[in-house]
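*Asks:* Prediction below, plus the sequence it came from.
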Amino acid sequence: MIKKLFRQMLVTQVISAMTVTLCLLIDSIMIGRFLGVDPMTAYGLSNPLLLIFAALGTMISAGVQVMCGKSIGSGDRDGTDANYSASVVMALAIAAVGFIAVFFFTGPLATLLGAGRPGPDNVVFDLTVDYLKGFIVGAPAFLCAQLMIPFLQLSGGRRRLVVAVIAMIVCDVALDFLNVLVFHGGMFGMGLASSLSYYAAFLIGIGYFLRKDCLFRFRPKKVTAAICGTMIHYGVPTVINQISVVLVVFLLNHVLLSVQGNVAVAAYSVISTIANICYCFGSGCGAVALMLSAIFYSDEDRRSLQKLVKVMTMYAAGLGAAVMVIVFLAAPVLVPLFLTGGTEAKGMAVLGTRLFTLSLVPSALNTTYKNYFQGVSHIRLAELLSFLQSFAMKALFALSLSGVLGVTGVWLCHLGGETVTLLLLAAVVWHKCGAVRFTADAFSMLPADFGAAPENCMEHSVRDLDSAIEVSRLAGEFCEAHGMDDRKSFVISLAIEEMVANILKHGFTADNKKHNVDVRLITRAEGAVIRIRDNCEGFDPLHYLELHNADDAVSHLGIRMVMAMVTDAAYVNSLGLNNLTLKL
């Protein structure tokens, strides 16, 4: 089920990761083709500030993914609402402060970004100011659109996410063409077009949160400083990564200006825009790894975490390799989409793009593992990897190689930085293990006493009634082998058979899709825990029983009987999966 779930989530998450990047890509193409090299330079200089907003948005998004993953995994609905509410409040506060700061201090910010001081001969300064003012109009939607992504994923609203991203792309392309061909709004119009397209995506996404059956409820009274602080704590590795990206773009812009001038910055704007699209595939793998690892970690599910490590490694390496080959071969075709004139800039951009693609496999692996470590509470390791991957190693290679190889040395910083970071990660894992081991158990980095011991845990998948009866029988034998009396063993066996049979009867026949049920039984000193997870349509047996409590006592007998036997029951539907936990 994990492999199938990862694949399903990955497609949506990659598309969602492009929410910000696609608008920037479209702007880059339109600016390069219709407005020229100076506007493209201004766009490149604006990127660090845009990335700061993206960093703050992803910080909240990552933090709330970890916190909601844990609260959902433990069935804590009040905690889930509190986390959701805190994230909304923080996003709106950042949007308000950012809007005021950028709108009223645009000039000094443009100078700080490298656009120089205002003057009749400095066209780039005015163009940078115009673009920033147009972009900042969409700050609230920009942040809220990022924030919606994990919540729609957790609630299984993948289709709505895809529709929102498509609407954003269509709006941005249409508005960019109107700006260039009809309104002639220049760089301000390009920034404003992106802003309006973010609002289009936001309006589509917000529809889910207004529904009565929404998994999340906005309850501002539950927002506390402690929750906000914890969210920031869990999101710090992501914001370190994003700020490191800002710093490295800022550094490389200045190195390129000193080595080759504006033409090199324009070429790097093209390379970084293509790179941002390529990074979405690794970011998609990382986002899925973060979400699933947080849920499985909260559930103390060692086996699922190890399976996740195998699956995420396979997809990260495979996607990275595929994108590398495609972009490497397509570089001469892609670069002219961004630059019409300037043969020198085109040549630089093609070479730089091809050298950049060589870093995509280690980059995807670094990003995925970094997010996984974030989800399993190895926050310091995730922070270190973020800093090394996104700034320190790339800066080291750029500064050392640019003096020897010039612009080519700068292009090689991505390959060198990502490769060395991956080697350092492997060294940390091997040091922890005390040996060089390429296993999921080693790279999962879980404590030896994490979760239930293998001998105290039974896990099986069910696809039909015969296998359900067999799993029920095995559960009874498992309980007896762990010292439970006949009555307790029978109760646990019966609870599994009744609940799984109910899923098979109603869930498997609701549509024509393939389904399966995973049963996990853990024995502990204080009792036993049964977790039943299926990928059928959403069904909450606890809520259903409440609604039909006044019915004939004979009806719904299976659910009534099971609920009468257990000491505690919790249900949550997340990631499109039904999760029922029973404690006896």
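*Replies:* Received it, and whenever you're ready, just let me know what you need.

*Asks:* Least confident secondary structure element in this structure?
*Replies:* One helix or strand of the chain scores below all others by mean pLDDT, DSSP states H and E: helix 541-547, with a mean of 64.

*Asks:* Residue ranges in the stretch 451-584 of the chain under the pLDDT threshold?
*Replies:* 510, 540, 542-560, 575-576 (pLDDT under 70).

*Asks:* where along it do the strands fall?
*Replies:* Taking DSSP state E, counting those that start in this stretch as the criterion, the stretch 451-584 of the chain contains strands spanning 457-462, 517-524, 527-534, 568-574, 577-583.

*Asks:* and the ones you listed as CSV, adding distance to Gly44 and mean neighbour count?
*Replies:* Glycine gets a C-beta too; all of them are placed from N, C-alpha and C. Shown next, in CSV, are the strands of the stretch 451-584 of the chain (distance: least, C-beta to C-beta, whole Å; neighbours: other C-beta atoms under 10 Å):
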stretch, distance to Gly44, mean neighbour count
strand 457-462, 51, 18
strand 517-524, 49, 21
strand 527-534, 47, 21
strand 568-574, 40, 18
strand 577-583, 43, 20
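
*Asks:* Phe34: which of the ones you listed is closest?
*Replies:* strand 568-574 (44.6 Å; C-beta to C-beta).

*Asks:* what packs against that closest one?
*Replies:* helix 37-73, helix 541-547, strand 577-583 (3 or more C-beta pairs under 8 Å, 6 or more residues apart in numbering; DSSP states H and E).

*Asks:* tell me, which of the ones you listed is the model least confident about?
*Replies:* Note on the helices and strands packed on strand 568-574: helix 541-547 shows the lowest mean pLDDT, a mean of 64.

*Asks:* Buried residues in the one helix or strand Val239 maps to, which are they?
*Replies:* If you go by DSSP states H and E, Val239 is part of helix 225-259. Neighbour counts using 16 or more other C-beta atoms under 10 Å place 227-228, 230-231, 234-253, 255-257 of helix 225-259 among the buried residues.

*Asks:* Moving C-terminal from it, which element do we reach first?
*Replies:* Defined by DSSP H and E, the subsequent element after helix 225-259 is helix 262-298.

*Asks:* Could you tell me which other helices and strands that next one packs against?
*Replies:* Using 3+ C-beta pairs under 8 Å, 6+ apart: helix 262-298 touches helix 2-30, helix 37-73, helix 139-154, helix 225-259, helix 302-338, helix 343-357, helix 360-375, helix 407-411.

*Asks:* what's the next secondary structure element after the second one?
*Replies:* Toward the C-terminal end, the helix or strand that comes next after helix 37-73 (DSSP H and E) is helix 77-104.

*Asks:* pLDDT on that following helix, on average?
*Replies:* Per-residue scores along helix 77-104 average to 87.

*Asks:* going on from it, what's the next piece of helix or strand?
*Replies:* helix 106-110.

*Asks:* got the angle for the very next helix or strand once past that following helix vs helix 77-104?
*Replies:* Using DSSP H and E, the next helix or strand after helix 106-110 towards the C-terminus is helix 123-136. Here helix 123-136 runs at an angle of 150 degrees relative to helix 77-104 (axes from the mean of the first three to the mean of the last three C-alpha atoms, to 10 degrees).

*Asks:* Tell me the helices and strands packed up against helix 123-136.
*Replies:* helix 37-73, helix 77-104, helix 106-110, helix 186-209.

*Asks:* buried residues in the second one?
*Replies:* Using 16+ other C-beta under 10 Å as the test for burial, helix 77-104 gives 77, 79-91, 94-95, 98, 102.

*Asks:* Val471 contacts Val462, correct?
*Replies:* Yes: using C-beta atoms under 8 Å, Val471 is in contact with Val462, at 5.7 Å.

*Asks:* which residues do these two both contact?
*Replies:* Both Val471 and Val462 are in contact with 500, 519, where contact means C-beta atoms under 8 Å, 6 or more residues apart in numbering.

*Asks:* now the helices and strands packed on strand 568-574 as JSON lines including distance to Phe391?
*Replies:* Output for the helices and strands packed on strand 568-574, formatted as JSON lines (distance: least, C-beta to C-beta, whole Å):
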{"stretch": "helix 37-73", "distance to Phe391": "12"}
{"stretch": "helix 541-547", "distance to Phe391": "48"}
{"stretch": "strand 577-583", "distance to Phe391": "37"}
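
*Asks:* How confident is the prediction for Leu399, by pLDDT?
*Replies:* The model's pLDDT for Leu399 equals 91.

*Asks:* roughly how far apart are it and Gly416?
*Replies:* 11 Å (C-beta to C-beta, to the nearest Å).

*Asks:* Specify which residue of those two has the higher count of neighbours.
*Replies:* Using other C-beta atoms under 10 Å, the more surrounded residue of Leu399 and Gly416 is Gly416, with 19 against 15.

*Asks:* and the more buried one, that's in a strand?
*Replies:* No: assessed by DSSP: H, G, I helix; E, B strand; the rest coil, Gly416 does not belong to a strand; its assignment is helix.

*Asks:* which ones are touching it?
*Replies:* Gly416 touches 393-394, 396-397, 401, counting by C-beta under 8 Å, 6+ apart.

*Asks:* Show me which pair in the residues you listed is furthest apart.
*Replies:* Met393 and Leu401 (12.1 Å).

*Asks:* Looking at the two now, which is surrounded by more residues?
*Replies:* Taking other C-beta under 10 Å, Met393 and Leu401 do not tie; Met393 has more neighbours (23 against 17).

*Asks:* Nearest residue to the more buried one in space, please, no chain neighbours.
*Replies:* Gly417 (3.5 Å; C-beta to C-beta, 6 or more residues apart in numbering).

*Asks:* Likewise for Tyr369?
*Replies:* Leu425 is the one closest to Tyr369 (C-beta to C-beta, 6+ apart), at 6.2 Å.

*Asks:* I figured that neighbour was touching Thr368, is that so?
*Replies:* No: counting by C-beta under 8 Å, Thr368 is not a contact partner of Leu425; they are 10.8 Å apart.

*Asks:* could the strands of the stretch 451-584 of the chain go into a markdown table alongside distance to Gly32?
*Replies:* A markdown table is the format used below for the strands of the stretch 451-584 of the chain (distance: least, C-beta to C-beta, whole Å):
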| stretch | distance to Gly32 |
| --- | --- |
| strand 457-462 | 52 |
| strand 517-524 | 50 |
| strand 527-534 | 48 |
| strand 568-574 | 42 |
| strand 577-583 | 44 |
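
*Asks:* Quick one: closest of those to Tyr279.
*Replies:* Here strand 568-574 is closest among the strands of the stretch 451-584 of the chain (C-beta to C-beta), at 26.4 Å.

*Asks:* Can you give the distance of the closest one from its chain's centre?
*Replies:* 24 Å (C-alpha atoms, centre = their mean, to the nearest Å).

*Asks:* out of the helices and strands packed on helix 123-136, which comes closest to Pro336?
*Replies:* Short answer: helix 37-73, nearest of the helices and strands packed on helix 123-136 by C-beta to C-beta, at 13.0 Å.
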